[in-house]
Every structure is written in structure tokens, then in C-alpha cells.
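*Asks:* here you go, sequence then predicted model.
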Amino acid sequence: MAFNRELLVLAFRQWLYQWRQNVRELKCYGRYLRFVFPWIWLKLSYLLDSPYAVSRRYQRRIKADNIHVYGETPLTSLALIAERSGVTAEDHVFELGAGSGFTSVWLQGVKRCQVTAIEQIPLFCWRLQRTSQRMRLDGITVRCEDYMESSLEDASIIYLYGSNLEDHVITGLAERLAELPAGIKIITVSYALQPFLHQQAFKVTDRFTVPFEWGEAEVYLQQRMSATEVLKAMVAP
């Protein structure tokens with residue numbers, strides 16, 4: 001009984017946080033019509049089946065060790081990240097692990113940039129794709145793929161909120177991103193990529209803190225180094 005009571009309390013706290021966050025997001029970004037109508041449509045699709053429930057079902061189906069791995073970037077925090085990272089309408093943002101798709105909808109509707117949402121949970125992809133089609137969001141491309149294998153060509157900015165990833169997964173991803181052209185910006189939450197590599201590939205250009213549902217998190221803005229920058233870093237004392 002005590003365990004069930006704790007789960008109910010946690011569920012209520014999560015619901016209360018989400019409700020308050022919805023009010024903040026609507027107040028802050030409700031004037032952006034290209035954002036608010038897709039946002040409302042997508043919210044309604046999760047009214048009786050939350051993103052957390054969708055993720056848990058998928059993790060159970062694939063028999064994952066941890067079924068509680070899902071998390072979302074609050075859009076008010078995403079606005080801080082986008083501002084510090086210099087996201088503009090000229091960018092093509094690739095979101096790795098797009099989840100429910102609210103981040104992609106905000107980037108396209110508020111920042112007006114091109115977005116490629118890469119997500120491996122089919123129901124997340126279907127709902128975002130349906131929203132994109134119904135709302136005629138030409139700026140969002142949805143790929144139901146593993147971002148460790150999906151092509152990252154044409155990206156100018158890559159965003160990853162994957163605080164629960166294991167070290168070997170981050171290492172594999174860092175090695176893959178190290179193959180990208182120089183100058184690409186990579187935004188990660190909770191960790192930088194360079195410590196997971198043996199070779200020089202990334203430089204941290206900014207580091208700051210933003211709030212998430214579970215507390216404060218450090219955000220790292222990194223850039224793929226050029227061959228000249230790598231050489232200088234290798235010979236620097």
C-alpha cells in the first residue's frame with residue numbers, strides 16, 4: 001500500500017508540473033500561430049495517453065533494463081538553449097531522440113528553422129507526422145529511425161537530450177558525430193562529448209544551466225573542430 005501511495009504521489013506531482021508548464025508555454029508562445037495550433041493538436045493526442053506511458057510501453061515491449069528513461073525538454077528551457085546557441089531560421093536542426101515532438105514543433109513554429117526529428121518509437125513518430133501533415137508543417141521531417149544509424153547530413157545544429165544514456169552509447173555517438181564536417185554545432189544536456197573520445201574533435205564554446213522537471217541541468221554547446229583547430233589543440237601546452 002505504501003508503495004502504491006508513493007507512485008500516486010509521484011504521478012500527481014508529474015501531472016501538476018506538466019499542467020503548470022503547459023500554462024507557461026501557452027502564455028509565452030501562444031502568439032506564435034504557427035506553433036500554438038500544432039502544439040494544441042499534439043497535446044490533445046497525448047491527453048489520455050501521455051508520452052511517459054507511450055515510452056514505458058515501448059521499453060517493456062523491447063524488454064529494456066530501465067523502462068523509466070523518458071524525459072522532455074521544457075519549452076521555456078528550450079528557449080534559453082536556443083538563445084544561447086544562436087538558433088536562427090537559417091538553421092537545420094536535427095533532434096536526436098525527438099520523443100513526443102514538442103521540441104520540434106517549437107523550433108519550427110517559433111524559430112522558423114528546418115527540423116529533422118529522429119525517433120525510434122513508432123507511436124511518437126506517427127503522432128508527430130500526423131500533426132505535421134494536418135497542420136501543414138512543411139518545416140518538419142520525421143524519421144522513425146535509430147539516430148545511431150540515421151544520416152545526419154545537412155544538419156547545422158544537432159540537439160540531444162539523453163541524460164540516461166550509458167557511457168558506451170555516448171562514446172559510440174561521439175565517435176559518429178566526430179565524422180561530421182567542421183563547424184557543426186552540437187548541443188548536449190548533462191555532459192560534453194569530448195571526454196568520451198581519445199582524439200580531439202569537439203570544443204565547448206558555451207556551458208550554462210537550465211531547469212528541467214527533475215532539477216537543474218548543465219547544457220553544453222560544442223562545435224566540430226576543423227583540422228587546423230585540432231592540430232593547435234594537440235600541440236597546445
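*Replies:* Arrived safely, thanks for sending. Residues are numbered from 1 along each chain as shown.

*Asks:* state the phi and psi torsions of residue 158.
*Replies:* Dihedral pair for residue 158: phi -120, psi 130, per degrees, to the nearest 10.

*Asks:* ok, now residue 41?
*Replies:* Phi and psi for residue 41, reported as degrees, to the nearest 10, are phi -60, psi -40.

*Asks:* so residue 70 sits in a strand?
*Replies:* No - read with DSSP: H, G, I helix; E, B strand; the rest coil, residue 70 is coil and lies in no strand.

*Asks:* okay, buried residues for stretch 223-237 please.
*Replies:* Neighbour-count burial for stretch 223-237, counted by 16 or more other Cβ atoms under 10 Å, picks out 223-225, 229-230. Every residue, glycine included, has its C-beta placed from N, CA and C.

*Asks:* one more: stretch 133-153?
*Replies:* Residues 135, 137, 139-144, 147, 150, 152 are the ones in stretch 133-153 that count as buried (16+ other Cβ under 10 Å).

*Asks:* now for those, which pair is the farthest apart?
*Replies:* The span of the buried residues of stretch 133-153, defined through Cβ to Cβ, is set by 135 and 152 at 25.7 Å.

*Asks:* name the helices or strands packed onto the biggest helix by length in the chain?
*Replies:* Determined from DSSP state H, the single longest helix within the chain is helix 2-29. With contacts defined as 3 or more Cβ pairs under 8 Å, 6 or more residues apart in numbering; DSSP states H and E, helix 2-29 has these neighbours: helix 33-45, helix 75-85.

*Asks:* show me what contacts residue 184?
*Replies:* By Cβ atoms under 8 Å, 6 or more residues apart in numbering, residue 184 lies in contact with 155-158, 223-224.

*Asks:* and the pLDDT at it?
*Replies:* Per-residue pLDDT puts residue 184 at 96.

*Asks:* that'll do, ta.
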